[in-house]
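Asks: Just a sequence and a predicted model for now, questions to come.
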Amino acid sequence: MVSQPSRRTVRGALVATAAVVAAALPTAPATAQPSAADALKKYNELSEQASKLNQDHLKAQGDLAAKQGELDKAKGDLAVAQKAEESLRGQVDLLTEATNSGARFSQISALLVSDSQQDFLNRMSAINILAADNAEALQKLQDAVNAADNATKTANEATEVSKKLLAEIDAKKAELDKQLADAKAQYNSLSASVRKQLANSGDMSNISVPAGTAGKALEFALAQRGKDYVYGSNGPDTWDCSSLIQKAYAYAGVSIGRTSYAQAAAGRQVSVSEIKAGDIIVYYSSQSHVAMAVDGIRAVHASTEGVPVKIADIQSIGPISVVRRIEG
């Protein structure tokens, strides 16, 4: 079973942590205190906005990859159709050549040159077969041409969509870079003592996990404590919030989406009162941040730049949007 400290113990620890941060803020002159507090608040706001943009950027990349797959398939369909068209056109040309050279017979010529009734029937059967083959080849040729046209149209449409998605990604990346720069500047404006407190890895003690998939995923997530947060990182030395959760469940043998948006739809929904180890907790109305429950009180998460992967009180991370359970 997961170690579950009492709420009084956890809340007491949080109060103590808050006292440390408060004590780290300058006390003279008096007007400096609100400035440092405002800087910390602004940094948290910018970090949350940057986190959402990061998830948007990742989603756009995923959409582009999907459209590129559609484009590749369309190009493959086009190549197949063109090959079929070339092959069938050759077959039709051979039949046409045979017709022009007199290899095919009309009903009258077949009657005139036949030695017997059976010979006539054989010749007429051959004529009908050639005619049917010709008609079938022509129809197949037309179908192949139509398929090639449709594949071309699909490929062109997919290409245009991909171009638009690429432009969207570039725009989001530029916006993300600006938000990251703002958040970094706000972080740098904090006092050295506050930054040191933020960079603290928190509880690094050994925590037991339950058996099963959720426990294995939690084991992985807990092992990442102390590692740096980097926007868009996929590990193994640095993480963003959703890559940590994705890789944790991959370690447990379960594939889930890369973004917090995808993870907000993974598994099944449970209530906040039902939270247990391994549950995915999605935060904010934008669903731009995720954490993994350690128990009903704590969660481990990669929060933002300048703050390592660490354990925090579930409610202190932010407003909960949805809780998803992958196992059970």
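Replies: That came in fine, so what should we check first?

Asks: going forward, measure contacts between C-alpha atoms and count neighbours the same way
Replies: Fine.

Asks: Flag the shaky bits of the stretch 201-328 of the chain, pLDDT-wise.
Replies: Within the stretch 201-328 of the chain, no stretch has pLDDT under 70.

Asks: hang on, residue 282 packs against residue 264?
Replies: Yes: with contacts counted by C-alpha atoms under 8 Å, residue 282 reaches residue 264, the gap being 6.2 Å.

Asks: Pull up the overlap in contacts between those two.
Replies: Jointly contacting residue 282 and residue 264 under the rule C-alpha atoms under 8 Å, 6 or more residues apart in numbering are 322, 323, 324.

Asks: Could you report the distance from the nearest residue to the last one once chain neighbours are set aside to residue 281?
Replies: Leaving out its chain neighbours, the residue that sits closest to residue 324 by C-alpha to C-alpha, 6 or more residues apart in numbering is residue 269, at 4.5 Å. Relative to residue 281, residue 269 is positioned 10 Å away (C-alpha to C-alpha, to the nearest Å).

Asks: between the two, which one's more packed in?
Replies: Taking other C-alpha atoms under 10 Å, residue 269 and residue 281 do not tie; residue 281 has more neighbours (29 against 17).

Asks: Using the record's domain definitions, break the chain down for me.
Replies: Here the chain is described, according to automatic domain parsing, as comprising the domains 67-188, 201-328.

Asks: For the last one, what is the spacing between the initial and final residues?
Replies: Distances were taken as C-alpha to C-alpha; on that basis the terminal residues of domain 201-328 are 31 Å apart.

Asks: do stretch 232-241 as well
Replies: With C-alpha to C-alpha applied, stretch 232-241 spans 9 Å between its terminal residues.

Asks: Mind listing the residues bridging to the residue nearest to residue 304 when sequence neighbours are not counted?
Replies: Take residue 304 and drop its neighbours on the chain: the residue closest to it by C-alpha to C-alpha, 6+ apart is residue 229, 5.8 Å away. Each beta-bridge partner of residue 229 is listed here: residue 239, as defined by DSSP bridges.

Asks: what about residue 292, distance to residue 262?
Replies: From residue 292 over to residue 262 the distance is 15 Å, taken as C-alpha to C-alpha.

Asks: which strands and helices sit next to the longest helix seen in the chain?
Replies: With residue count as the measure and DSSP state H as the assignment, the chain has helix 117-188 as its longest helix. For helix 117-188, the elements it packs on are helix 32-100, helix 107-113, judged by 3 or more C-alpha pairs under 8 Å, 6 or more residues apart in numbering; DSSP states H and E.

Asks: 10 Å - rerun?
Replies: For helix 117-188, the packing partners by 3 or more C-alpha pairs under 10 Å, 6 or more residues apart in numbering; DSSP states H and E come out as helix 32-100, helix 107-113, helix 192-198.

Asks: Residue 209: which of the ones you listed is closest?
Replies: Of all the helices and strands packed on helix 117-188, the one in closest proximity to residue 209, counting by C-alpha to C-alpha, is helix 192-198 (26.2 Å).
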